[in-house]
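Trainee: any chance you can model this:
(chains A and B)
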Amino acid sequence: MKLRDDQIERYSRQILLPNIGGKGQEKLLNAKVLVIGAGGLGSPCLLYLASAGIGTLGIVDSDKVELNNLQRQIVHSVNTVGKSKVESAKERLSAINPDAKIISYDARLTSANILDIIKDYDMVVDGSDNFPTRYLVNDACVFSKKPLSHGGIFRFDGQALTILPGKFACYRCLFPEPPPPGLVPSCQEAGILGAVAGVIGTIQANEVLKYVLGIGELLTGKLLVFNALDSFFRQVKVPRDPKCPVCGANPSITKLIDYEQFCQIRKKEA
Amino acid sequence: MSIKVRIPTPLQKMTQNKTEVELSGSNIRELIDDLERNFPGIKERICDEKGKIRRFINIYVNEEDIRFLKQDQTSLKDGDEISIIPAIAGGS
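Mentor: Residues are numbered from 1 along each chain as shown, chains lettered A, B, ... in the order given. Down below sits the predicted model:
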């Protein structure tokens, strides 16, 4: 693969970087990354990945753009309110960088479709907004040995962890099972500061870029926690749990689980 | 003895919105009891009816997860920094 002149110009500021160069840029253009959720985390992540020249970007989301999304979901705009989020994101990303081939999945992930959707990608980014999807994504990535960037946000707090299945801790090594319904507010009822999504979604994009380029040190085996109110960052260790129910020595989970949706607000709407 | 404890957002309602509090205790069990003395009602958010730390909440002494140390018997010393970190699922 040879970089075109316009590509050399477009990516010049990162081609200049030591450890990247033309070779690194080719790696990015050949990479296939799946982003789950075109929301608060997915928006900044997708914008940076498309801009950096990730060649194939898959986007999974089953929602439509609403006006109340625009406070933080910066890939969308007033012009796409009412459209599907995957189409809205595709329009914006294609306008920024026609090099990026965008594949959209206007669907909700379940045990029936997830393995097929993730199978052709080099890495998965979890920017979903509920525990059932997060555990489904983790387990599917462990079964498929797919690298996964996990990010979570809640009000002023954020967390990020990078998972290389079989080598480093998975999400269940950190939290073995989802909380029971009702104990943890998990979605719309909680509220979120848009910039918190920006911080964590951008860290996830950075993890993908480092993984694809093979540079630096990933957030593997350590959880990054962030609090926006006092600009506090800390890393804590996340060792592999030998008793992990999905990636431990004697796993009790050997097939995918569709946990009940337990977001209170969604339940009321249903 | 003074031990700094980071309080996660979901529990800050119970600590008068403080993100960090200073407590004492020679181990995690005593620290949680001291937390409850200062902020009544917070213990049942962290521990189940049997007093066990809930599975979607982890407690760290400095960088180490107490599940891989001596759980709530993990001993503490002056200057230790404790983080209470719950699973959070938001992203949209």
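Trainee: pLDDT value on residue 71, please?
Mentor: Unless you meant another one, I'm taking chain A. For residue A:71, the pLDDT comes out at 97.
Trainee: if you could check chain B rather than the one you did, that'd help
Mentor: 96.
Trainee: also residue A:119?
Mentor: Looking at residue A:119, its pLDDT reads 98.
Trainee: check residue A:55 too.
Mentor: 98.
Trainee: ditto for residue A:25
Mentor: On the pLDDT scale, residue A:25 is placed at 98.
Trainee: that one belongs to a strand, doesn't it?
Mentor: No - under DSSP: H, G, I helix; E, B strand; the rest coil, residue A:25 sits outside any strand and is assigned helix.
Trainee: wait, what's in contact with it?
Mentor: Residue A:25 makes contact with A:3, A:7, A:11, A:14, A:15, A:53, according to CB atoms under 8 Å, 6 or more residues apart in numbering or on different chains. Every residue, glycine included, has its C-beta placed from N, CA and C.
Trainee: what residues are up against residue B:71?
Mentor: Listed by CB under 8 Å, 6+ apart, the contact set of residue B:71 reads B:28, B:53.
Trainee: try 10 Å this time
Mentor: By CB atoms under 10 Å, 6 or more residues apart in numbering or on different chains, the residues touching residue B:71 are B:27, B:28, B:29, B:52, B:53, B:59, B:65.
Trainee: make a markdown table out of those residues and add distance to chain A.
Mentor: A markdown table is the format used below for the contacts of residue B:71 (distance: CB to the nearest CB, whole Å):
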| residue | distance to chain A |
| --- | --- |
| B:27 | 19 |
| B:28 | 15 |
| B:29 | 20 |
| B:52 | 13 |
| B:53 | 12 |
| B:59 | 10 |
| B:65 | 7 |
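Trainee: from chain B, which residue is nearest to chain A?
Mentor: residue B:92 (3.5 Å; CB to the nearest CB).
Trainee: in chain B, which spans are helices?
Mentor: Using DSSP state H, the helices found in chain B span residues B:28-38, B:43-46.
Trainee: need the three-state assignment for the closest residue to residue A:103 other than its chain neighbours.
Mentor: If the residues on either side of it in the chain are set aside, residue A:103 comes closest to residue A:58, at 4.6 Å by CB to CB, 6 or more residues apart in numbering or on different chains. Taking three-state DSSP as the rule, one finds residue A:58 in the strand state.
Trainee: find the centremost residue of chain A, please.
Mentor: Centroid check for chain A by CA atoms, centre = their mean gives residue A:125 as the closest residue, at 2.5 Å.
Trainee: give me the mean pLDDT for the helix or strand that one falls within.
Mentor: Residue A:125 belongs to strand A:123-126 when assigned by DSSP states H and E. Averaged over strand A:123-126, pLDDT sits at 98.
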